[in-house]
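>>> Give the three-dimensional model of this entry:
(one chain, ligands or ions: 1)
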Amino acid sequence: GAAELGPYRHYMHKEIFEQPRALADTLEGVEAIAPDLFDGLGEQPATAAAVFAQIDRVLILACGTSYYSGCVAKYWLEELAGLPTAVEVASEYRYRTSVPEPRTLVVAISQSGETADTLAALRHAQSLGMGHTLALCNVATSALVRETALTYLTRAGVEIGVASTKAFSTQLAGLFLLTLALAQARGRLNAAQQAQQLKDMRHLPLALQAVLALEPQLIQWAEAFAQHEHALFLGRGPHYPIALEGALKLKEISYIHAEAYPAGELKHGPLALVTSAMPVVVVAPNDALLEKLKSNMQEVRARGGVLYVLADADSHIRSAEGLHVIRLPEHYGHLSPILHVVPLQLLAYHCALARGTDVDKPRNLAKSVTVE
Ligand code: G6P
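Numbering: from 1, shown residues only. All right, here's what the predicted structure looks like:
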């Protein structure tokens, strides 16, 4: 009720601001990267060290926002752990004929652990002989945790807003830890690298706090956005799924139609939609793809499109006519997706507020979809 909301008007807003705490909780007690962080808690628990030695690929199954966290993890798992990774929407995987591969770690991601399609996809994988399963879940007592060999519990706390926020960022943190543990098991993470990665992760709560402080600038963006019916989100690499998640958040709670594209695909279709009536959000961290992204931004500007760019501290993108820039305080390396999603959550929230929608209970949607 109202008491639990404290100073917030909506659970979603509260949950966005709980993310530093949720990330701190996730890292509490993690002294070192070790497989036992993933030991099972289900009915037939397994030891992660034993499972990690028997797998040479990863299959991620999930729905909605949880699916997008899996899409980010694919970039991490392939780059840092050298593991070929497939990510599938659970409702597609369960109904298609796929090629089972027993040396696969099947990772089912779900905030609730009760999503019907995700559970069915997991059972389908098991029925095909894939027994190395891991639940990444926010609810310890869920069916998903019971039915998997390995477990990682996110520590987001209860999430009430239908649009997932803190569950997503803690899933990403859990998936990054999983990537590091698998990299270590495969001899790809030495002691110095492990110490550095953990140090970077421990900085997350503070880094998130600084990103949340950008809220006043996002309120300004939202005032302009709320006037429009369409928006386009662009990203590259692991920030492409972040663009997808930003578009999903906007659709879910503000009912503005939004699409996300990997920026390199702009010229293969969506550029035809660009006018001054369709704002274009660009997730633009200072990584190896920034120069490519800048030329994608030029393509938009040259067609009269208006850009809203989430840049990093030192990326030398300056605000100009038709080009709005919010600068995140740092460049966060591999953890950047966890930081860059936060302004997109705030943008969606403030657009919804401006449009007067029911933020915590958007029309036609449910928090947990336990029937097909
Ligand atoms: C519903 C919710 C989404 C969520 C999805 C998957 O559609 O509205 O916010 O991402 O289910 O839920 P799960 O509990 O499996 O992560």
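
>>> My reading is that Ala156 lies in a strand. Confirm?
No: assessed with DSSP: H, G, I helix; E, B strand; the rest coil, Ala156 is coil; it does not lie in a strand.

>>> That one contacts Ser112, doesn't it?
No: the pair Ala156 and Ser112 fails to qualify as a contact (CB atoms under 8 Å) at a distance of 11.3 Å. Heads up, the C-betas are built off the backbone N, CA and C, glycines and all.

>>> Touching both of those two, which residues are there?
Common neighbours of Ala156 and Ser112 (criterion: CB atoms under 8 Å, 6 or more residues apart in numbering): Asn138.

>>> More neighbours: these two, which one.
Under the criterion of other CB atoms under 10 Å, the comparison of Ala156 against Ser112 puts Ala156 first, with 27 against 20.

>>> how many neighbours does the nearest residue to Glu43 once chain neighbours are set aside have?
Of all residues not flanking Glu43 in the chain, Arg146 sits nearest, at 5.3 Å (CB to CB, 6 or more residues apart in numbering). If you count neighbours by other CB under 10 Å, Arg146 ends up with 15.

>>> Could you check how far Gly29 is from the ligand?
Gly29 sits 24 Å away from the ligand, going by CB to the nearest ligand atom, to the nearest Å.

>>> One more: Glu245?
For Glu245 relative to the ligand (CB to the nearest ligand atom), the value is 10 Å.

>>> same check, this time on Gly6
22 Å.

>>> Spit out the contact partners of that residue.
The contact partners of Gly6, taken as CB under 8 Å, 6+ apart, are Lys14.

>>> check which helix or strand covers the closest residue to the ligand within the stretch 201-350 of the chain.
Of all residues in the stretch 201-350 of the chain, Glu252 sits closest to the ligand, at 7.1 Å by CB to the nearest ligand atom. Here Glu252, judged by DSSP states H and E, is contained in helix 239-254.

>>> Mean pLDDT per element in this structure, and the minimum belongs to which helix or strand?
Every helix and strand in the chain was compared by mean pLDDT, DSSP states H and E; the lowest is helix 2-5, with a mean of 73.

>>> do the next helix or strand after that one and the ligand meet?
The C-terminal neighbour of helix 2-5 among helices and strands, as given by DSSP H and E, is helix 11-17. No: judged by CB under 6 Å from any ligand atom, helix 11-17 and the ligand are separated, with a smallest distance of 10.6 Å.

>>> how long is stretch 257-273 from one end to the other?
Using CA to CA, to the nearest Å, one end of stretch 257-273 lies 13 Å from the other.

>>> contact partners of that stretch?
Stretch 257-273 is touched from outside by 229-236, 240, 243-244, 246-248, 250-251, 282, 292-293, 296, 299-300, 303, with contacts defined as CB under 8 Å, 6+ apart.

>>> The helix or strand hosting Val145 - contacts with which helices or strands?
In this assignment (DSSP H and E), Val145 forms part of helix 143-146. In terms of contacts (3 or more CB pairs under 8 Å, 6 or more residues apart in numbering; DSSP states H and E), helix 143-146 is packed against helix 116-127, strand 133-137.

>>> what about 10 Å?
Packed against helix 143-146 by the contact rule (3 or more CB pairs under 10 Å, 6 or more residues apart in numbering; DSSP states H and E) you find strand 104-110, helix 116-127, strand 133-137, strand 150-153.

>>> What residues of the third one count as buried?
If you call a residue buried by 16 or more other CB atoms under 10 Å, then strand 133-137 has these buried ones: 133-137.

>>> And the longest one, by the same measure?
For helix 116-127, the neighbour count (16+ other CB under 10 Å) marks 116-122, 124-126 as buried.

>>> got it, and stretch 56-63?
Of all the residues in stretch 56-63, those buried under the rule 16+ other CB under 10 Å are 58-63.

>>> if you look at it, does any of it touch the ligand?
Yes: against the ligand, stretch 56-63 shows contacts by CB under 6 Å from any ligand atom at Cys63.

>>> quick one: average pLDDT of that stretch?
Stretch 56-63 carries an average pLDDT of 98.

>>> Return the distance of stretch 62-78 from the chain's centre.
Offset of stretch 62-78 from its chain centre (CA atoms, centre = their mean, to the nearest Å): 7 Å.

>>> repeat for stretch 22-39
Using CA atoms, centre = their mean, the offset of stretch 22-39 from its chain centre is 19 Å.

>>> if I pick the closest residue to the ligand within the stretch 151-300 of the chain, what's in contact with it?
Using CB to the nearest ligand atom, Ser164 is the residue of the stretch 151-300 of the chain that sits closest to the ligand, at 4.0 Å. With contact set as CB atoms under 10 Å, 6 or more residues apart in numbering, Ser164 has these partners: 12, 15, 64-66, 68-69, 111-112, 138, 156, 171, 245, 248-249, 252, 345, 367.
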